[in-house]
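> Sequence first, then the predicted structure, then my questions.
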Amino acid sequence: MSPSPPRTTTLSDFSGPYTRKLIMVAYPPTANGSAAAAAPVAEPAPKDLKHEEPEEDDDDDDEEGGQEGGAGDAKKKKKKKPKKKKKGGAAKQSEPPRVGITKLFPSGNFPEGEIMEYAEDNAYRTSSAEKKEQDRLAYEDPESTYHDIRRAAEVHRTVRAYAQRSIKPGMSMTEIAELIEDGTRACVEEDGLKSGIGFPTGVSLNECAAHYTPNAGDNIVLQPQDVLKVDFGVHVNGRIVDSAFTLNFEPTYDRLLEAVKDATNTGIRTAGIDVRLTDVGESIQEVMESYEVEVKGTTHQVKCIRNLSGHSINRYQIHGGKSVPIVKNGDNTKMEEGEYYAIETFGSTGRGYVAEQGACSHYAKIVDAPRVTLRTQTSKALLNTINQNFGTLPFCRRYLDRLGTTSYLLALKNLVDVGIVQDYPPLCDVKGAMTAQFEHTILLRPTVKEVVSRGDDY
C-alpha cells in the first residue's frame, strides 16, 4: 500500500546491520500448487474433513447364533461383512481460489514465513531462553498473535499465485481488481471487520506508481507493453498483510523489475531491531540506483521514488506511524522489538518523484479523526456505513458501490473536507516514465525476523 504528497516520506498516509546469515526455509506447494510460506506445512485433514462412510461395528462379527438344534447345539457365527472403503480426501484449493484457507489448515497452524536470524549485537536472541519465552507469550497473546498474521499471509500467497497465472493483456483493470478481491474474500472467509480485504487492490500502470484502482465506469485495458503494479492487502482481526509485485509482458523493463526486487530484498535484510530507519533507506538506495535500463537505445538509471516509502503497520491501521525511507534521509529513529513493517520499494526511469494525479479512488477514515457535527443526513449515513464496514481500514468507491450505497460523492467530499476521512489520489511520475514496486511484510519477533508474506514467487 502506498502514500501521497505533500506527505513526502510515507508510502501510505493511511494511517544495521542485521544478519548476513540467511536461513532459507523451503516453501512446499500448497494443495493447489501455489506458493506456501514455510514449515510447518499443512497437517493432514482430520476425519471431519473427509467424506467417510461409517464403519461396521466389530462387535457384530462374533455374534452368537444361540439357536438350539442338531448335535451339540453348535453355535453359528455370522460371516464378517467387508468394511466399506473410506471415500474422499483432504480439502483442496479450487481454481479460481474459493476454498477458505482454514479448511486447508484445519489444525489452525498456518505456515511461518521466511525466518532470518539476527546478527551482531542481537545474535544472542536466536538462542536466548528469555527471548524464546517472550516469543511464545506473543504467539499466545490475542493482541499480538502470529496466528492471524500467518493466516492472512497464506491467503495472500494463494490469491497472488492465481493472479500471476491469470492476468493477461486484454483484461480490464476492473476485471483484474475483482479477480483478486473475489479470491481474497473467499479464501480469508470474509466476516465483517473480523477478516477481509486489507485495503483497495492497487493496479497502477506505467508512470502511475500507487493508489490507483478503477472506479465504476473505468474502461482502461491492460496492454502488452504496460508495466503493472499489483498491491493488495489481507487482514484477519485487523492484522494486515501488505505485499506487492510488478508484472510486465515483454522484456524491455526486465532490469527495472530486477532492480526493485533486489532493493526490496536488501531493505528486508537490513531491517531489524535497533536498526536506524535512514540506514535501511541508504541500503535500498545504493542497490536500486546501481541498475540501468536501456529503452530504444537510451540508457536510464533506475531511481528510487524518494517521496514514497515503507511503513509500520498497526491493527486496523495500514500506516502505523513510522516510515521506512527508500533513500538515505537522516531519520535516526530505530526499529523496535515486536514491530510490524511493510518493506516496499519503488523504482522509476523518470524523475524519481511522484505527484497526485487523476480521479481519486482510495479513502480511509482517519484513526484519530476529530469529533465533528455533520450537518447533512447523507454525510451522517455515509459515515455510519464506513464505520460499520471498514472502520479505519482503507476503502474505495467500488466497495461503496458493492454495498449498494448511492449518491455518496458529495457526502464523501464533505467527510474529507471536515477531516474525518482522508483521500488518497493516484501518485504518478512524469508521463513516459515506467515505475515498478515490490513489497513484503516483516515481523520483528523477539528471537528472529519473520518475512511473513514471503513465497516462492518473490
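Yep, that arrived.
> Extract the C-alpha trace of stretch 184-199 and format it as CSV.
Taking C-alpha atoms only, stretch 184-199 is exported to CSV below (Å, rounded to 0.1, in the frame of the first residue of the first chain):
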residue,chain,number,x,y,z
THR,A,184,-9.3,-12.7,-1.2
ARG,A,185,-12.9,-12.5,0.2
ALA,A,186,-13.4,-16.2,-0.3
CYS,A,187,-10.0,-17.5,1.0
VAL,A,188,-10.0,-15.3,4.0
GLU,A,189,-13.6,-16.2,4.7
GLU,A,190,-14.7,-12.5,4.9
ASP,A,191,-16.6,-11.8,8.1
GLY,A,192,-17.3,-8.1,8.6
LEU,A,193,-14.4,-6.4,10.4
LYS,A,194,-13.1,-9.8,11.7
SER,A,195,-11.5,-10.8,8.3
GLY,A,196,-11.4,-9.5,4.8
ILE,A,197,-9.7,-7.2,2.4
GLY,A,198,-7.0,-5.0,4.0
PHE,A,199,-7.2,-2.1,1.5
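> Of all the residues in that stretch, which ones are buried?
Neighbour counts over stretch 184-199 (16 or more other CB atoms under 10 Å) mark Thr184, Arg185, Ala186, Cys187, Val188, Glu189, Leu193, Ser195, Gly196, Ile197, Gly198, Phe199 as buried. For every residue, glycine as well, the C-beta is placed using N, CA and C.
> got the contact list for that stretch?
With CB atoms under 8 Å, 6 or more residues apart in numbering as the test, stretch 184-199 has contacts from 1, 14, 97-102, 151-152, 155-156, 158-159, 181, 232-238, 240-242, 316, 318, 362, 364, 389-391, 393-395, 399.
> and Gln223, how far is that from Lys365?
Applying CB to CB, to the nearest Å, the value for Gln223 to Lys365 is 35 Å.
> what do you get for Ser290?
Distance of Ser290 to Lys365, computed by CB to CB: 41 Å.
> ok, those two, which is more surrounded?
Lys365 (20 against 12; other CB atoms under 10 Å).
> okay, that one: pLDDT?
On the pLDDT scale, Lys365 is placed at 98.
> before we move on, what about Asp61?
Here, the pLDDT recorded for Asp61 equals 43.
> same thing with Asn32?
On the pLDDT scale, Asn32 gets 42.
> swap in Ala138?
For Ala138, the model assigns a pLDDT of 89.
> pLDDT weak spots in the stretch 51-200 of the chain?
Filtered on pLDDT under 70, the stretch 51-200 of the chain yields the residue ranges 51-89.
> Now do the helices in it.
According to DSSP state H, counting those that start in this stretch, the stretch 51-200 of the chain carries its helices in the segments 101-104, 129-140, 146-166, 173-187.
> all strands for the stretch 251-400 of the chain, in order.
292-295, 298-301, 303-304, 309-312, 323-325, 340-348, 355-356, 362-365, 395-396 (DSSP state E, counting those that start in this stretch).
> Excluding covalently adjacent residues, which one is nearest to Val324?
Once flanking residues are discounted, Val324 sits nearest to Gly310: 3.4 Å by CB to CB, 6 or more residues apart in numbering.
> scratch that, Asp242 is what I was asking about
Leaving aside its chain neighbours, Asp242 sits nearest to Ala342 (4.3 Å; criterion: CB to CB, 6+ apart).
> Am I right that that neighbour is in contact with Gly310?
Yes - Ala342 is within contact range of Gly310, at 5.1 Å (criterion: CB atoms under 8 Å).
> Those two: which is more packed in?
Shown here are Ala342 and Gly310; by other CB under 10 Å, Gly310 has more neighbours (36 against 29).
> The more buried one and Gly113, how far apart?
As judged by CB to CB, Gly310 and Gly113 stand 16 Å apart.
> what does Ser290 give?
Distance from Ser290 to Gly113, by CB to CB: 27 Å.
> for Gly432, same thing?
Distance, Gly432 to Gly113, by CB to CB: 37 Å.
> Those two: who's more crowded?
Per other CB under 10 Å, whichever of Gly432 and Gly113 has more neighbours is Gly113, with 28 against 10.
> Tell me who's in contact with that one.
The contact partners of Gly113, by CB under 8 Å, 6+ apart, come to Ala37, Ala38, Arg150, Ala153, Leu443, Glu450, Val451, Val452, Ser453, Arg454.
> neighbours around Lys334, how many?
Lys334 has 15 neighbours, counted by other CB under 10 Å.
> That one against Val275, yeah?
Yes - with contact defined as CB under 8 Å, Lys334 counts as touching Val275 (6.5 Å).
> Quick one: residues contacting Cys208.
By CB under 8 Å, 6+ apart, the contact set of Cys208 is Lys229, Gln357, Gly358, Pro426, Leu427, Cys428, Thr435.
> That one bridge partners, please.
When bridges are called by DSSP bridges, Cys208 pairs up with Cys428.
> how much space is there between it and Leu228?
10 Å.
> Could you do Gly183 as well?
Taken as CB to CB, the span from Gly183 to Leu228 is 17 Å.
> Same question for Asp191.
Counting by CB to CB, the gap from Asp191 to Leu228 is 30 Å.
> Over to Val430?
Distance from Val430 to Leu228, counting by CB to CB: 19 Å.
> Could you check which of these two has the larger neighbour count?
Leu228 (24 against 14).
> that's a strand at the more buried one, yeah?
Yes - Leu228 sits within a strand when classified using DSSP: H, G, I helix; E, B strand; the rest coil.
> Isn't it up against Lys168?
No - assessed by CB under 8 Å, Leu228 is found out of contact with Lys168, at 10.7 Å.
> Need the residues touching each of these two.
Common neighbours of Leu228 and Lys168 (criterion: CB under 8 Å, 6+ apart): Leu222.
> Bridged to the residue nearest to Asp242, which residues?
Beta-bridge pairing of Ala342 under DSSP bridges involves His311, Thr441.
> For Lys92, see how far away it is.
For Ala342 relative to Lys92 (CB to CB), the value is 31 Å.
> May I see the contacts of Cys208 arranged in a markdown table, with distance to Arg125 as well?
Putting the contacts of Cys208 into a markdown table (distance: CB to CB, whole Å) gives the following:
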| residue | distance to Arg125 |
| --- | --- |
| Lys229 | 35 |
| Gln357 | 45 |
| Gly358 | 46 |
| Pro426 | 41 |
| Leu427 | 37 |
| Cys428 | 42 |
| Thr435 | 37 |
